[in-house]
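S.K.: Sequence plus the predicted model coming up.
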Amino acid sequence: MSSAESPRHGILDPSDRRILRELQRDGRINNNELAERTGMSSSPCWRRTRRLEETGIIAGYSANLDRRKIGLGVLVYVSVQIDTHGESDAAAFEKAIIDLDEIVTCHSVGGGSDFILLVACRDLDAYADFSMTVLRRLPGIKAMTSNFALKEIKAFTGFTIPD
């Protein structure tokens, strides 16, 4: 593959960006349609897509689900402060939350909190139960604040591909 057909050092060329934009819109698109939508011929489009996958820029493919239609009516952003800030304490917390299905995402953050969790549950009662029986019992938690999403203004649909 020529250097013009592969991302180097994290830099994407315009063709790579077009491919990524289209795949975020429709991850099930076939290569011929992708090539047509990106203004490329089939073979170079296929090679570029494979290279984007091999380099990890495309981390995988998935379906976007409507959480309400699958029975997850409540979204909660949970700010967590841990007791101490030693490496082992943070690692113990991180290890404890990895396999909890209700936690959609977890980010280590700076500022007033140590971690921000996005939790999805069936309803308020399910969140209350999860919060009291699971979250509050995680290792090292000093404080926890729940912020309930009242209305979704803009859902995540993909990243803006920088020029």
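M.R.: Yep, it's here.
S.K.: Next, the buried residues of stretch 142-159.
M.R.: Residues of stretch 142-159 classed as buried: residue 144 (neighbour count, 16 or more other CB atoms under 10 Å). Placement of C-beta: from N, CA and C, glycine included.
S.K.: What separation do you get for residue 160 and residue 80?
M.R.: For residue 160, the distance to residue 80 equals 28 Å [CB to CB, to the nearest Å].
S.K.: and those two? which has more neighbours close in?
M.R.: residue 80 (22 against 7; other CB atoms under 10 Å).
S.K.: now the more buried one, what's its secondary structure?
M.R.: Here residue 80 is recorded as strand under DSSP: H, G, I helix; E, B strand; the rest coil.
S.K.: partner residues bridging it?
M.R.: residue 115, residue 144 (DSSP bridges).
S.K.: Quick one: classify the residue nearest to the spatial centre of the chain as helix, strand or coil.
M.R.: Centrality entry for the chain: nearest residue to the mean C-alpha point is residue 105, 6.8 Å, by CA atoms, centre = their mean. Classification of residue 105 using three-state DSSP returns strand.
S.K.: What score does it have for pLDDT?
M.R.: Reading off the confidence values, residue 105 has pLDDT 96.
S.K.: Quick check: it vs residue 159, distance?
M.R.: Taken as CB to CB, the span from residue 105 to residue 159 is 14 Å.
S.K.: Same question for residue 123.
M.R.: In terms of CB to CB, residue 123 sits 31 Å off from residue 159.
S.K.: Then residue 101?
M.R.: 24 Å.
S.K.: Residue 144 now?
M.R.: Distance, residue 144 to residue 159, by CB to CB: 29 Å.
S.K.: Residue 82 too?
M.R.: For residue 82, the distance to residue 159 - CB to CB - is 29 Å.
S.K.: Can you name every helix or strand that the helix or strand of the chain with the lowest mean pLDDT contacts?
M.R.: The least trusted helix or strand in the chain, going by mean pLDDT, DSSP states H and E, turns out to be helix 87-97, with a mean of 90. Helix 87-97 sits against strand 74-82, strand 103-108, with contacts defined as 3 or more CB pairs under 8 Å, 6 or more residues apart in numbering; DSSP states H and E.
S.K.: List the buried residues in it.
M.R.: Result for helix 87-97 [16+ other CB under 10 Å]: buried residues 90, 93, 96, 97.
S.K.: Determine how far that helix lies from the middle of the whole chain.
M.R.: Distance of helix 87-97 from the chain centroid (CA atoms, centre = their mean, to the nearest Å) equals 20 Å.
S.K.: CA-only coordinates of that helix in CSV, if you can.
M.R.: Provided in CSV are the C-alpha atoms of helix 87-97 (Å, rounded to 0.1, in the frame of the first residue of the first chain):
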residue,chain,number,x,y,z
GLU,A,87,-2.6,4.2,42.2
SER,A,88,-3.9,1.0,43.8
ASP,A,89,-7.1,2.7,45.1
ALA,A,90,-8.0,4.0,41.6
ALA,A,91,-7.1,0.7,40.1
ALA,A,92,-9.4,-1.2,42.6
PHE,A,93,-12.3,1.1,41.7
GLU,A,94,-11.7,0.8,37.9
LYS,A,95,-11.5,-3.0,38.2
ALA,A,96,-14.7,-3.1,40.2
ILE,A,97,-16.8,-1.2,37.7
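S.K.: That's all I had, so thanks and see you.
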